[in-house]
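Trainee: any chance you can model this:
(one chain, ligands or ions: 3)
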Amino acid sequence: MEVRYRTVIEQSPLSIHVFSPDGTSLLANASWDELWNLEEGEEPEGYNIFDDEQLHATGLIPHIEEGVAGEAVTPRPLLYDPAETGRGGEPRWLQPFVYPVKDEGQRVREVTLIIEDVTERKRLEEELAYRANHDPLTGLPNRILFLERLGAALERAGRRDEAGNGAGNGAGNGADKVAVLFTDLDNFKYVNDSLGHRAGDELLIQVAGRLRGCSRSGDTVARLGGDEFVVLLEEVGSLADAVAAAEGLARELDAPFDLDGREVFATTSTGIVFGGPGEAGGSEAEGLLSSADTAMYRAKEGGKDRHAAYEVGMRARASERLGLEADLRRALEREEFVLRYQPEVDLRSGRTVGVEALVRWQHPERGLVPPSEFVPLAEETGLIVPIGRWVLGEACHKARALRGRLPGGVGGAGEVPPTIFVNLSARQFRHRGLVEEVTEALREAGLEPEALALEITESAVMGDPPEAVVTLRGLKALGVGLAVDDFGTGYSSMNYLKRFPVDHLKVDRSFVAGLGRSREDEAIVSGVVGLAHALGLGVIAEGVETESQLARLQEMGCETAQGYHFAEPLPGEALLEWLATDRERLRS
Ligand code: C2E
Ligand code: MG
Ligand code: MG
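Mentor: Numbering: from 1, shown residues only. Ligands and ions are numbered 1, 2, ... in the order given. Prediction:
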């Protein structure tokens with residue numbers, strides 16, 4: 001071989017070995033020795049390529065034989081693990097090229113074997129493929145991989161179904177369907193906004209860990225983005241099984257998360273869809289996922305922290321919902337909201353000591369729409385913040401007007417005009433500008449803070465107790481009253497009552513409804529009354545409808561009640577009349 005070529009070969013980063021067709025070595029370069037971890041000159045005298053154990057271990061020999069037979073070959077990269085031949089080093093990916101060199105008579109004179117170490121390139125390719133299929137934050141499969149696995153699972157379910165039908169005996173054990181759980185965190189935005197993105201990321205990582213931890217080995221847990229997670233359940237027998245899995249999942253997330261020393265609770269809303277031949281969700285991956293999404297929205301609408309199963313027709317309602325959202329925005333611009341006022345009566349004196357402002361939507365076609373039909377959506381879209389601002393302003397004006405027009409007037413006849421109670425949704429409570437907004441509403445209406453009380457539900461407060469305490473203290477510092485609404489339906493952690501500066505508990509009307517009928521409800525109501533008094537708080541019973549409920553409440557020592565038994569939520573004018581006749585009613 002010419003000297004200049006020899007130099008090129010010897011210095012090449014590629015591992016090169018030239019040998020004669022019988023396998024006798026003619027030339028090997030330094031890279032070759034390096035590749036096989038050989039000392040220089042370690043190759044034995046009379047080395048024959050066909051006797052090389054390491055080459056045998058790579059699976060290269062058949063390709064070399066092809067080269068000897070006169071074929072140039074470029075096989076796919078081979079994985080070579082040096083451990084197989086007792087040599088040290090990491091497994092490597094090798095890309096071989098085999099070139100026969102022929103003479104004029106087309107006889108193979110020598111064969112050149114070139115090997116490129118492509119381990120790095122392979123690793124990079126794998127890394128890119130992994131990244132394309134996984135969420136970098138949590139390491140979970142992403143939407144692409146999830147849909148791929150869902151597609152494959154549906155195909156398998158379809159085949160089991162056919163096999164089952166063909167045999168005429170139904171499918172094996174019956175557990176042959178596919179279910180998707182679509183889970184969305186209820187308070188993620190809040191964690192992100194108030195505790196920062198790092199805490200948000202940390203929460204997602206911990207949620208991912210718990211979901212993975214509680215899923216069966218064949219199931220796929222994926223993150224679709226944001227705070228949306230999906231779980232693919234295979235070989236599910238019935239919707240009930242899928243529901244049980246969703247419940248297990250929610251339980252797993254029940255315990256508080258530790259975000260840098262802060263305890264944060266995360267509830268979830270989960271949509272469940274059952275798929276496979278003949279099932280509501282159908283047999284198509286994209287469609288199934290979007291049905292699960294729709295069901296998840298239904299769970300959110302239902303009040304969050306719950307699950308909902310997909311039903312045919314839900315999608316139509318989902319598009320209705322979009323229409324409703326647009327309507328709601330317009331309603332805000334056109335000021336189509338109105339307030340009703342429900343009296344809260346002191347059971348000892350019979351006087352109206354409070355008035356709860358309750359919002360309604362005066363819809364141009366649908367008439368008066370109750371809050372249950374638009375507040376959850378307003379809450380979800382954030383529209384509740386401007387709507388709530390309007391409610392607060394309107395309620396403060398009303399309260400101020402009452403003071404001027406009541407027979408006694410402010411301070412007149414020694415009577416204290418009723419406090420106005422305004423509901424705050426969880427979203428409003430977490431809204432950063434809340435304290436300023438309340439200050440502004442009071443100032444603008446010229447109302448003293450003592451005349452206003454804000455109602456907050458337990459769950460709004462429990463999303464992040466430390467943050468809630470800060471907000472509650474801020475409100476308290478203004479001088480406004482604070483009430484826990486629907487008490488008993490949320491966390492009911494007695495623990496927080498000591499720490500939270502609240503003034504009133506409103507016993508949820510579901511318990512009041514059970515008075516005289518359910519011993520449990522009796523025990524709960526009397527327990528709440530006792531608890532409130534022990535902590536120096538006022539109690540207001542909601543939803544009192546009958547004389548006998550009223551009597552029981554009085555026996556229990558409950559001092560304030562509200563409900564249809566006294567009055568429904570009244571328009572402003574009717575409220576004035578009610579208050580004007582308050583004293584007369586009492587006398588009669
Ligand atoms: P809530 O704060 O617990 O209000 C009490 C609900 O019970 C009111 O329903 C009221 O009309 C109803 N109610 C009162 N007495 C009785 C009774 O004797 N029997 C029965 N069955 N029901 C009675 P409404 O007005 O439909 O409001 C429902 C919920 O909507 C409220 O529950 C509150 O959570 C929310 N809401 C109402 N107004 C607002 C608002 O301005 N802002 C926010 N964020 N939420 C509001
Ligand atoms: Mg209320
Ligand atoms: Mg309530």
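
Trainee: okay, CA-based contacts and neighbour counts for the rest of this
Mentor: Will do.

Trainee: near ligand 3, which residues of the protein?
Mentor: Contact residues (CA under 5 Å from the ion) of the chain with ligand 3: Asp485, Asp486.

Trainee: residue of the stretch 351-500 of the chain closest to ligand 3, please.
Mentor: When scored by CA to the ion, the stretch 351-500 of the chain has Asp486 as its residue closest to ligand 3, at 4.1 Å.

Trainee: show me where pLDDT drops low in the stretch 51-200 of the chain?
Mentor: Where the stretch 51-200 of the chain drops to pLDDT under 70, the residues are 165-174.

Trainee: mind redoing it with 80?
Mentor: Flagging of the stretch 51-200 of the chain using pLDDT under 80 yields the residue ranges 85-88, 161, 163-175.

Trainee: which helices and strands sit right next to the strand or helix carrying the residue of the stretch 351-500 of the chain closest to ligand 3?
Mentor: Using DSSP states H and E, Asp486 sits in strand 481-487. Under the contact definition 3 or more CA pairs under 8 Å, 6 or more residues apart in numbering; DSSP states H and E, strand 481-487 sits against strand 452-457, helix 458-462, strand 504-507.

Trainee: in this protein, which residue sits furthest out from the middle?
Mentor: Residue farthest from the centre of the chain, counting by CA atoms, centre = their mean, is Gly105 at 73.5 Å.

Trainee: any idea what that one is structurally, helix, strand or coil?
Mentor: Under the three-state scheme (DSSP: H, G, I helix; E, B strand; the rest coil), Gly105 adopts coil.

Trainee: hang on, the earlier thing: tell me the angle the strand holding Asp486 makes with strand 452-457.
Mentor: Orientation of strand 481-487 against strand 452-457 (axes from the mean of the first three to the mean of the last three CA atoms, to 10 degrees) gives an angle of 30 degrees.

Trainee: residue contacts, Val207?
Mentor: By CA atoms under 8 Å, 6 or more residues apart in numbering, the contact list for Val207 reads Leu253.

Trainee: isn't there a helix covering it?
Mentor: Yes: according to three-state DSSP, Val207 belongs to a helix.

Trainee: which phi and psi does the one residue in the stretch 201-350 of the chain that gets nearest to ligand 1 have?
Mentor: At 7.2 Å from ligand 1, Gln342 is the closest residue in the stretch 201-350 of the chain, using CA to the nearest ligand atom. The phi and psi values for Gln342, taken as degrees, to the nearest 10, are phi -110, psi 120.

Trainee: which non-adjacent residue is nearest Leu88?
Mentor: Quick fix: residue 88 is Gly, not Leu. Pro82 (6.0 Å; CA to CA, 6 or more residues apart in numbering).

Trainee: burial count for the one you found?
Mentor: Pro82 has 18 neighbours, counted by other CA atoms under 10 Å.

Trainee: just Ala163 next, same as before
Mentor: The number of residues near Ala163, taken as other CA under 10 Å, comes to 15.

Trainee: could you measure from Gly59 over to ligand 1?
Mentor: From Gly59 across to ligand 1, the span is 71 Å (CA to the nearest ligand atom, to the nearest Å).

Trainee: residues in contact with that residue?
Mentor: Per CA under 8 Å, 6+ apart, neighbours of Gly59: Leu78.

Trainee: returning to what we had before: ligand 1 versus the residue farthest from the centre of the chain, what's the distance?
Mentor: Applying CA to the nearest ligand atom, the value for Gly105 to ligand 1 is 94 Å.

Trainee: quick one: Leu113 and Val101 touch, right?
Mentor: No: counting by CA atoms under 8 Å, Val101 is not a contact partner of Leu113; they are 10.8 Å apart.

Trainee: now Lys177: phi and psi?
Mentor: Dihedral angles of Lys177 (phi, psi; degrees, to the nearest 10) stand at phi -100, psi 170.

Trainee: how about Glu545: what's its closest non-neighbour residue?
Mentor: Of all residues not flanking Glu545 in the chain, His565 sits nearest, at 4.3 Å (CA to CA, 6+ apart).

Trainee: now do the same for that neighbour: helix, strand or coil?
Mentor: Assignment for His565 (three-state DSSP): coil.

Trainee: next, count neighbours for it.
Mentor: 14.

Trainee: wait, it sits on Ala541?
Mentor: No: using CA under 8 Å, His565 is not in contact with Ala541, being 11.8 Å away.

Trainee: okay, now the domains of this structure?
Mentor: Listed domain ranges for the chain are 1-123, 133-158+175-312, 322-587 (source: the TED database).

Trainee: so which of those is the most surrounded?
Mentor: Mean neighbour count (mean count of other CA atoms under 10 Å) peaks for domain 133-158+175-312 among these, with a mean of 20.

Trainee: check whether that one comes near ligand 1.
Mentor: No: using CA under 6 Å from any ligand atom, domain 133-158+175-312 stays clear of ligand 1, with a minimum separation of 10.6 Å.

Trainee: ends of that domain, what's the gap?
Mentor: Using CA to CA, to the nearest Å, the end-to-end distance of domain 133-158+175-312 comes to 31 Å.

Trainee: chain center to that domain, what's the gap?
Mentor: A distance of 8 Å separates the centroid of the chain from that of domain 133-158+175-312, by CA atoms, centre = their mean, to the nearest Å.

Trainee: give me the residues contacting the strand holding Asp486.
Mentor: Under the contact criterion CA under 8 Å, 6+ apart, strand 481-487 has outside partners 449-450, 452-458, 472, 476, 501-509.

Trainee: wait, isn't Ser31 in contact with Ser12?
Mentor: Yes: using CA under 8 Å, Ser31 makes contact with Ser12 at a distance of 7.2 Å.

Trainee: beta partners of Asp258?
Mentor: Following DSSP bridges, Asp258 is listed with bridge partners Glu263.

Trainee: likewise for Val111?
Mentor: Beta bridges link Val111 to Phe19, Pro100 when assigned by DSSP bridges.

Trainee: list the contacts for it?
Mentor: By CA under 8 Å, 6+ apart, the residues touching Val111 are Val18, Phe19, Ser20, Pro21, Gly67, Val68, Val98, Tyr99, Pro100, Val101.

Trainee: format those as TSV; extra columns: distance to Asp193.
Mentor: As requested, the contacts of Val111 are exported to TSV (distance: CA to CA, whole Å):
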residue	distance to Asp193
Val18	66
Phe19	69
Ser20	72
Pro21	72
Gly67	66
Val68	69
Val98	61
Tyr99	64
Pro100	67
Val101	70
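
Trainee: can you name the residues of this structure sitting close to ligand 1?
Mentor: Near ligand 1, when you scan the chain using CA under 6 Å from any ligand atom, you find 358-359, 370-372, 388, 391, 423-425, 486, 543-545, 562-564, 569.

Trainee: lovely, talk soon.
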